[in-house]
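Engineer: My questions concern the predicted model and sequence given below.
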Amino acid sequence: MTAPRLRMTGVRKSYGPTHALRGVDLELAAGEVHALVGENGAGKSTLMKVLSGAEPPDAGTMALDGMPYRPAGPQAARRRGVAMIYQELAVCPHLSVEANVLLGLESTSAGFLRKTADRDRVRAALAELGHPEIDPAASVESLSPAARQVVEIARALLTDVKLLVLDEPTSALTQEDAQRLFELVARLKGRGVTVVYISHFLEEIEAVADRYTVLRDGSAVGTGRVTDVTRPRLVELMVGRAVDEQYPRVPHAAGEVILELNGVAGSPLPRSASLTLRRGEILGLAGLVGSGRTELLRAVYGLAPVREGSVKVQAFTGGTATPTQRIRQGLGLLSEDRKEEGLALSRSLADNLTLSRFAPLARHGFLSPARIRAAASAQLTRLGVKYRDAEQPAAELSGGNQQKVALGRLLHQDADVFLLDEPTRGVDVGSKADIYRLIGELAAAGKAVLVVSSYLPELFGVCDRIAVMARGTLGPARPVADWTPEAVIAAATGADKPSTPAHHV
């Protein structure tokens, strides 16, 4: 009988009193795509860190192709053919594609680098991945997120990868790039590579995976073939209970206009954006990555200049303003990049939750640590964040819990207008439902919510109206009932516009 590609038995890992892994068993076959699913904080990342050599296990055994396996670090794991591609790609943007792929893997002859041979190796790896168009001499910072991902996978190929872990690989990809990734995964599977696929998008798992394993609270609670399990059953295994509504609806009604944009143009994006947003309304912004949606939110919030047009927030009208002014006017922004912009990862949860509004936390002109802790604890409890204490650094939380903390800051700020850029990116199914319910509660409380999302089911599930941005220009907002997913995609790609007839001389 052929030994499995990987067998993990009784793997345990604790961080102080926190039990991240509670005796996990995992078995992977050669040439299979295995989905690893679970809520944020379930132990997926810790298990994969143990597998990739980034963390030593406290107990348990591992075997790779029938041989004992306990890597001393990521380099040792790579030498055994195990590679991990993290959600936040580990590339050097200022270096070339070739330099990134070869970093630490350069070949030599008589003490000299074999540059021509190495470039041929890089070209061959890119071609094998179906991307011969990527220039080895190009700077990585000039590439799209999808192309950068290919660069990392090409590096894994040069190490003769046997087992590749992909952590939320489509979180920053367009629909077209995601489809290319699925094709790439199929090619890797065809050459016998085992792929561990971590994703919160259950439709992706159904499309690419052969088998699945569900982790919950550090334990494996279910495994089997993807074709033998229903989506509701997967969700139930992940959260430990049935989730009645994937997109819970909280009754709310639109009131007075609170935000109005007229011909807003930035530098270089957006080119032109006009909209009205009312209290008690959830307005969705759809569009392709790079269409100008994020740039629009940043211009409105004061993080980017407004070159033309006007932004009216309640009684305040003008063009460019500072973020401090926008906060005072009632705007709150949730950045799509929580690690770089949304959170101060080295600071405590209490600091992250309260930095944007100190007034209610002061006593006799001085900040009260007790009030700060109380305010932070209230938001953490309200949002269901899994944490140790309010003084815990934000960096120690899982991605989904970090996202809840970033949202909690806007709640503490008591913003009137919530600008949410990809609010559920990297968030598990159960936490997504919590965030959707929170968005509905905000609208019911008279807040206005503007949601940018690349995930169409999300926009259709939670929004009242949807507007589509294409090539920097925002189209008119229409009720959700007036849209179909196909119509949104057509508007985003310009396919809904009549083609301009060619002029023949």
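Structural biologist: Okay, I see it.

Engineer: what residues are up against residue 336?
Structural biologist: Counting by CB atoms under 8 Å, 6 or more residues apart in numbering, residue 336 makes contact with 294, 421, 422, 425, 452. Every C-beta, even on glycine, is put in place using the N, C-alpha and C of the backbone.

Engineer: Enumerate the beta-bridge partners assigned to the second one.
Structural biologist: Going back to what we said before, that points to residue 421. residue 452 (DSSP bridges).

Engineer: pLDDT wise, what is the residue nearest to residue 270 when sequence neighbours are not counted at?
Structural biologist: Leaving aside its chain neighbours, residue 270 sits nearest to residue 292 (4.1 Å; criterion: CB to CB, 6 or more residues apart in numbering). Residue 292 is assigned a pLDDT of 93 by the prediction.

Engineer: Residue 292: how many residues sit nearby?
Structural biologist: 25 (other CB atoms under 10 Å).

Engineer: Let me know the secondary structure of residue 61.
Structural biologist: strand (DSSP: H, G, I helix; E, B strand; the rest coil).

Engineer: Next, the contact list for it, please.
Structural biologist: Residue 61 neighbours (CB under 8 Å, 6+ apart): 8, 9, 10, 68, 70.

Engineer: Tell me the secondary structure at the third one.
Structural biologist: At residue 10 the chain is in strand, as set by three-state DSSP.

Engineer: Could you report the distance from it to residue 25?
Structural biologist: Distance from residue 10 to residue 25, counting by CB to CB, to the nearest Å: 7 Å.

Engineer: swap in the fourth one?
Structural biologist: Computed as CB to CB, the residue 68 to residue 25 distance reads 16 Å.

Engineer: Check the last one too.
Structural biologist: Look at residue 70 and residue 25: by CB to CB, they are 16 Å apart.

Engineer: what's the answer for residue 455, then?
Structural biologist: Residue 455 is 33 Å from residue 25, by CB to CB.

Engineer: go on, residue 316?
Structural biologist: 59 Å.

Engineer: Got the domain ranges for the protein?
Structural biologist: The record's domain parsing of the chain by automatic domain parsing lists 6-239, 248-330+415-496, 346-414.

Engineer: Is it possible to get TSV of the ones you listed that adds distance to residue 340?
Structural biologist: Converted to TSV, these look like this (distance: least, CB to CB, whole Å):
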stretch	distance to residue 340
domain 6-239	9
domain 248-330+415-496	13
domain 346-414	12
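
Engineer: wait, which of those is closest to residue 338?
Structural biologist: Taking CB to CB, domain 346-414 is the member of these nearest to residue 338, at 5.2 Å.

Engineer: re earlier: for the contacts of residue 336, which one is nearest residue 384?
Structural biologist: For these, the nearest to residue 384 is residue 425 (18.2 Å; CB to CB).

Engineer: Look at the closest one and report its pLDDT.
Structural biologist: pLDDT at residue 425 comes out at 83.

Engineer: how about the nearest residue to it, chain neighbours excluded?
Structural biologist: Residue 425's closest residue in space is residue 171 (CB to CB, 6+ apart), at 5.4 Å.

Engineer: tell me the contacts of the one you found?
Structural biologist: 87, 425, 426.

Engineer: circling back to that earlier point, please identify, among the contacts of residue 61, the one with the most neighbours.
Structural biologist: Counting by other CB under 10 Å, top hit in those: residue 8 with 23 neighbours.

Engineer: ok, it - contacts?
Structural biologist: Here residue 8 is in contact with 24, 25, 26, 27, 47, 50, 51, 60, 61, 62 (CB under 8 Å, 6+ apart).

Engineer: and it, what pLDDT?
Structural biologist: 98.

Engineer: Distance of it relative to residue 39?
Structural biologist: 20 Å.

Engineer: Provide the partner residues of the residue lying closest to residue 477 once chain neighbours are set aside in its beta bridges.
Structural biologist: Nearest non-adjacent residue to residue 477, counting by CB to CB, 6+ apart: residue 467, 3.9 Å away. Here residue 467 sits in beta bridges with residue 285, going by DSSP bridges.

Engineer: who's in contact with residue 467?
Structural biologist: Counted by CB under 8 Å, 6+ apart, residue 467 has contacts 275, 283, 284, 285, 286, 474, 475, 476, 477, 478.

Engineer: Please indicate which of those are buried?
Structural biologist: 275, 283, 284, 285, 286, 474, 475, 477 (16 or more other CB atoms under 10 Å).

Engineer: can you tell me which of the residues you listed lies nearest to residue 387?
Structural biologist: Once CB to CB is applied, the member of the buried ones among the contacts of residue 467 that ends up nearest residue 387 is residue 284, at 30.1 Å.

Engineer: so who does that closest one touch?
Structural biologist: Contacts of residue 284 (CB under 8 Å, 6+ apart): 451, 452, 453, 459, 462, 463, 465, 466, 467, 480.

Engineer: Now do the SS call for the fourth one.
Structural biologist: Think residue 459. Relying on three-state DSSP, one would call residue 459 helix.

Engineer: ok, it - how many residues close by?
Structural biologist: 24.

Engineer: how near is it to residue 422?
Structural biologist: Residue 459 is 11 Å from residue 422, by CB to CB.

Engineer: joint contacts of the two?
Structural biologist: residue 453.

Engineer: For the stretch 101-250 of the chain, which segments count as helices?
Structural biologist: 115-128, 145-158, 175-190, 202-208, 231-239 (DSSP state H, counting those that start in this stretch).

Engineer: Mind putting those helices into JSON lines with mean neighbour count, distance to residue 338 and mean pLDDT?
Structural biologist: Output for the helices of the stretch 101-250 of the chain, formatted as JSON lines (neighbours: other CB atoms under 10 Å; distance: least, CB to CB, whole Å; pLDDT from 0 to 100):
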{"stretch": "helix 115-128", "mean neighbour count": "17", "distance to residue 338": "31", "mean pLDDT": "89"}
{"stretch": "helix 145-158", "mean neighbour count": "22", "distance to residue 338": "16", "mean pLDDT": "85"}
{"stretch": "helix 175-190", "mean neighbour count": "16", "distance to residue 338": "21", "mean pLDDT": "86"}
{"stretch": "helix 202-208", "mean neighbour count": "17", "distance to residue 338": "21", "mean pLDDT": "92"}
{"stretch": "helix 231-239", "mean neighbour count": "18", "distance to residue 338": "22", "mean pLDDT": "88"}
